[in-house]
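1. Here is my input, please return the structure:
(one chain, ligands or ions: 1)
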Amino acid sequence: MDTVRVRFAPSPTGGLHLGGVRTVLYNYLFAKHHGGTFVLRIEDTDQKRFVAGAEDYIMNCLEWCGLLPDESPVKGGPFAPYRQSERKHYYYQYAQQLIDAGYAYYAFDTPEELEHMRSRFKTDANPVPQYDHLTRMDMRNSLSLSQEQVIELLGKGTPHVIRLRMPQNTVIKMKDLIRGEVEFDTSLVDDKVLLKADGMPTYHLAVVVDDYLMKITHAFRGEEWLPSAPVHLLLWKYLGWEKEMPQWAHLPLILKPDGHGKLSKRDGERLGFPVFAMDWCDPRTGEKTTGFKERGFLPEAFVNILAMLGWNSGTEQEIFSLQDLVEQFSIDRVHKGGAKFDYEKAKWFNQQWIFRKTNEELAVLVRPFIERKGAIAKLDYLEKVVALIKERCHLLTDFWEQGHFFFKAPEEIDLSAIAGKWNQSKTDFFNDWVQASSDIKSWDAAEIEQHFNEMATARGLKKGELMLPLRIMLVGGKYGPGVFDIAAMIGRSEMSARIQRVLQQLG
Ligand code: GLU
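-> This next block holds a predicted model:
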């Protein structure tokens, strides 16, 4: 195989959907598996859809996932520039070449004329008429007008686009690495605009020219681009580059967990899980969307989850590091069918990756999530906390839910859990134990527990009836790790303060 060169070619239009990251991942794995190069190219020719900040955001997402491009707008490379808006000068000559060869034509239609065409040709059988072999001769373009008229219009600087002349009744075949042979009927495809009135190429022209100039050998992209493939195949052919055309693979969709269709941002909002890689705030609307990162996923887990959404190794193995994936990935084990996203399973993957971290590593990872809640967390303290609660945590955010009482006195106390069975002897016990606990020499869980038990026995109280109240006093609810571990961690004076506060509330 020639040196493999793949590309991820996002348009900077908003947050990065997990399907987009999976496209990055499969490109990356394929390149690295074959010792090839992974290129990041920013497809920003559509000025109307351009969103400020989206490019930096994409880079940050790739960095978080550890999927760093070898060539990119930031890193540069032998085929720079890697932003299509900076490559404008490349495209015009190829559009012109297509015109000269009769594969493309000038079109002078105004937006009103296009609208008029749509209403004029609209029938029940054809509710959305296209600019194609059926309508093009009724429009104002260099196929329908005389040569003199065209020269005159061009000479006057009349705004125009360049369109691809789609052949009629031709079947175009393509070998897709995942789908096998795919056929397209060209009569169903419209005459796509290649160069816009502002001189910018459209995606269709730019993607082909840049894949050619950047010597891309394999183009893996989402299934939603399959309908565009015949346009691209024809452009490769018409530009005389067929031999250099990359091999295509259209990746299966990531589907909603319930029902049918592609998983959307709205599904995530509806079902309560993230869909974007990282938090995204749309600068136009101020709308915020949560990301996997901020929801508490580890990048290793996120990558592992995405790898399994569409690919399997053919074995029972489910946990793969990026390095494992690089070694084992092959495009022929990518499925054709869409993969349903299962959030519970995603959380399970994350927990597996949490278990693979040392407590020291986890403390560093968890710290920002604790600080976000306004608590101060020293790393050595946090290390002990994560050791006690990691079994209960699927997400890095769970460490706060499961362990907030290690950092702050609980704000809410579930008194109803103990009030029913409360009596004076319990009040006396806790009051006295708080005083007596100053006798505990070494403040560790085992000694605290022993002291507590001895005093309960001496008073003829059942330990079992005192444990739940102690937990409620320290934690606020019926959860958390061993209550004496908690007492040991928060220290004697904090423990005493919490007990006394609840005793007051119980009256
Ligand atoms: N710019 C396209 C996108 O936004 C890229 C499609 C392709 O990879 O060809 O997804």
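2. Return the set of buried residues in stretch 398-414.
-> For stretch 398-414, the buried set under the neighbour-count rule, 16 or more other C-beta atoms under 10 Å, comprises Asp398, Phe399, Trp400, Gln402, Gly403, His404, Phe405, Phe406, Phe407, Ala409, Pro410, Ile413. All C-beta spots, glycine's among them, are computed from the backbone N, C-alpha and C.
3. now Gly35: how far from the ligand?
-> 22 Å (C-beta to the nearest ligand atom, to the nearest Å).
4. From the buried residues of stretch 398-414, which land in helices?
-> Among the buried residues of stretch 398-414, the members found in helices (DSSP state H) are Asp398, Phe399, Trp400, Gln402, Gly403.
5. so who does the residue in the stretch 351-500 of the chain that the ligand sits nearest to touch?
-> The minimum distance from the stretch 351-500 of the chain to the ligand, using C-beta to the nearest ligand atom, falls at Trp353 (28.3 Å). Applying C-beta atoms under 8 Å, 6 or more residues apart in numbering to Trp353 gives the contacts Leu298, Glu300, Ala301, Asn304, Ile319.
6. The same query, at a cut-off of 10 Å, please.
-> Phe297, Leu298, Pro299, Glu300, Ala301, Phe302, Val303, Asn304, Ile305, Ile319, Ser321 (C-beta atoms under 10 Å, 6 or more residues apart in numbering).
7. Tell me the predicted confidence for it.
-> Per-residue confidence (pLDDT) for Trp353: 98.
8. So which bits of whichever strand or helix holds it are buried?
-> In this structure, Trp353 sits in helix 343-355 according to DSSP states H and E. Going by neighbour count (16+ other C-beta under 10 Å), the buried part of helix 343-355 is Ala346, Lys347, Phe349, Asn350, Gln351, Gln352, Trp353, Ile354.
9. Stretch 30-37 now?
-> Those would be Phe30, Ala31, Lys32, His33, His34, Gly36, Thr37, for stretch 30-37 by 16+ other C-beta under 10 Å.
10. Pull out the buried positions in the helix or strand where Gln96 lies.
-> Taking DSSP H and E as the definition, one finds Gln96 inside helix 88-100. By neighbour count on 16+ other C-beta under 10 Å, the buried set for helix 88-100 is Tyr90, Tyr91, Tyr94, Ala95, Leu98, Ile99.
11. Against which helices or strands is it packed?
-> strand 104-107, strand 161-164, strand 193-195, helix 203-213, helix 229-238 (3 or more C-beta pairs under 10 Å, 6 or more residues apart in numbering; DSSP states H and E).
12. Make sure Tyr94 is actually in contact with Val208.
-> Yes - with contact defined as C-beta atoms under 10 Å, Tyr94 counts as touching Val208 (8.2 Å).
13. list residues touching both of these two?
-> Leu194, Pro201, Leu235, Tyr238, Leu239, Trp241.
14. Count the residues that sit near the first one.
-> Neighbour count of Leu194, defined by other C-beta atoms under 10 Å: 27.
15. same check, this time on the third one
-> Each residue near Leu235 was counted by other C-beta under 10 Å, and the total is 25.
16. ok, now the second one?
-> If you count neighbours by other C-beta under 10 Å, Pro201 ends up with 27.
17. Quick check: it touching Tyr92?
-> Yes - assessed by C-beta under 10 Å, Pro201 is found in contact with Tyr92 at 8.1 Å.
18. Residues that sit against both of the two, list them.
-> Ile162, Leu195.
19. What residues does the stretch 1-150 of the chain have near the ligand?
-> Proximity of the stretch 1-150 of the chain to the ligand (C-beta under 6 Å from any ligand atom) is limited to residues Ala9, Pro10, Ser11, Glu43.
20. For Gly291, see how far away the last one is.
-> Yep, that's Glu43 we're talking about. Applying C-beta to C-beta, to the nearest Å, the value for Glu43 to Gly291 is 22 Å.
21. before we move on, back to that, past the helix holding Trp353, which element shows up next along the chain?
-> Next along the chain from helix 343-355, counting by DSSP H and E, comes helix 359-371.
22. By neighbour count, which bits of that following helix are buried? Give me those.
-> Applying 16+ other C-beta under 10 Å to helix 359-371 flags Leu362, Ala363, Leu365, Val366, Arg367, Phe369, Ile370 as buried.
23. Which elements pack onto that helix?
-> If contacts are counted by 3+ C-beta pairs under 10 Å, 6+ apart, helix 359-371 sits against helix 343-355, helix 379-389, helix 398-403.
24. give the contact list for Lys347.
-> Phe273, Arg295, Gly296, Phe297, Ala301, Ile305, Cys393, His394, Leu395, Asp398.
25. need those in TSV with distance to Trp311, can you?
-> Output for the contacts of Lys347, formatted as TSV (distance: C-beta to C-beta, whole Å):
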residue	distance to Trp311
Phe273	21
Arg295	23
Gly296	25
Phe297	19
Ala301	16
Ile305	11
Cys393	27
His394	23
Leu395	24
Asp398	28
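26. just those that are near the ligand?
-> Subset of these in contact with the ligand: empty, counting by C-beta under 6 Å from any ligand atom.
27. sorry, back to before: what angle do the helix holding Trp353 and helix 379-389 make?
-> Going by axes from the mean of the first three to the mean of the last three C-alpha atoms, to 10 degrees, helix 343-355 is angled at 130 degrees with respect to helix 379-389.
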